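**Q** coordinates for the following, if possible.
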Amino acid sequence: MLDSSQLQHVRASLPPFLLADERLVREFQHAASFARIPAGHDVFLEGDRVEGIALLLSGVVRVYKISETGRAITLYRFGLGQSCILSANAILSQKTFPAIATVEQDAEAVIIPSDVFRDWVKRHDAWREFVFDLLSQRLSTLMAIVDQVAFHRMDARLASFLQTRARVQNPIRITHAEIAAELGSSREVISRLLEDLSTRGLIHATRGEIEVPDAAALA
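**A** Numbering: from 1, shown residues only. Prediction:
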């Protein structure tokens, strides 16, 4: 159960609840629990039963898939006011979690039990709209990943990734292995492509950092 200050935090962080009816708010306060989750903690592993869904009030969670050969690819991340569509799908379909969800930045969250989640989808319009909007947004993200993997060369995907990350942080603090995990490639392939971009003067790479001097040229 949430106390009054935690409930106010939820109202501020999750826009759908600003317009929710008072019955849903009361049920939410009673059913939800508050949790702090440290960076590095695995929220779910592949094959886990999903007993509840986390709505983030702070922090970032990365959701990714690992192949039988050990190669990883990031599916999406979620943060403030968001949740995990694979958790929602597992709850609604009553199946196990199909990927791995790991906290990247210390997180605060409210946890909704699975049976309550399903009940609210049936009974509360505001909650159902929140869930469907969440599914819609993340489906677009996953479709973009499928498009990238299926129809774009790895060098073009790498250039696009570096260009996007450079808008946020330049130089980019990232390792070759971390880039490989983001793009679903191997460290050896990424290292070779980065060396090629460096030789062409499109990036300046040092240990743990990559600088993009001209984003337009990289594009």
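**Q** what residues does the closest residue in space to residue 122 that isn't next to it in sequence make contact with?
**A** Distances taken as CB to CB, 6 or more residues apart in numbering place residue 128 nearest to residue 122, at 7.9 Å, with adjacent residues excluded. In short, each C-beta sits where N, CA and C put it, glycine included. Going by CB atoms under 8 Å, 6 or more residues apart in numbering, residue 128 touches 120-122.
**Q** show me what counts as buried in the biggest helix by length in the chain.
**A** Selection of the longest helix in the chain by residue count, based on DSSP state H, yields helix 125-151. Buried residues in helix 125-151, counted by 16 or more other CB atoms under 10 Å: 126-127, 130-131, 134, 138, 145, 148.
**Q** return the member of those residues nearest to residue 86.
**A** The closest of the buried residues of helix 125-151 to residue 86 turns out to be residue 138 (CB to CB; 8.4 Å).
**Q** quick one on the thing from earlier: of the buried residues of helix 125-151, which is the nearest to residue 75?
**A** residue 145 (6.6 Å).
**Q** tell me the centre residue of this protein?
**A** residue 77 (1.4 Å; CA atoms, centre = their mean).
**Q** show me this protein divided up by domain.
**A** 4-142, 152-218 (automatic domain parsing).
**Q** where among those domains is average confidence lowest?
**A** Lowest mean pLDDT within these: domain 152-218, a mean of 86.
**Q** for it, the distance to its chain's centre please.
**A** Computed by CA atoms, centre = their mean, to the nearest Å, the chain-centroid distance of domain 152-218 equals 21 Å.
**Q** shift numbering so it begins at 231
**A** From this message on, residue numbering opens at 231, which makes the last subject domain 382-448.
**Q** what's the neighbour count on residue 449?
**A** 11 (other CB atoms under 10 Å).
**Q** quick check: which element contains residue 420?
**A** helix 417-429 (DSSP states H and E).
**Q** mind listing what's buried in that helix?
**A** Of all the residues in helix 417-429, those buried under the rule 16+ other CB under 10 Å are 419-420, 423-424, 427.
**Q** show me the contacts for the closest residue to residue 395 other than its chain neighbours.
**A** With sequence-adjacent residues excluded and distances taken as CB to CB, 6+ apart, residue 395 is closest to residue 402, at 4.8 Å. Going by CB under 8 Å, 6+ apart, residue 402 touches 392, 395-396, 439-442.
**Q** quick one, which of the residues you listed are buried?
**A** Buried subset of those (neighbour count, 16+ other CB under 10 Å): 392, 395-396, 440, 442.
**Q** so of those, which ones are in strands?
**A** The strands, defined by DSSP state E, take in residue 440 from these.
**Q** so which of the buried ones among the contacts of residue 402 comes closest to residue 313?
**A** residue 395 (24.2 Å).
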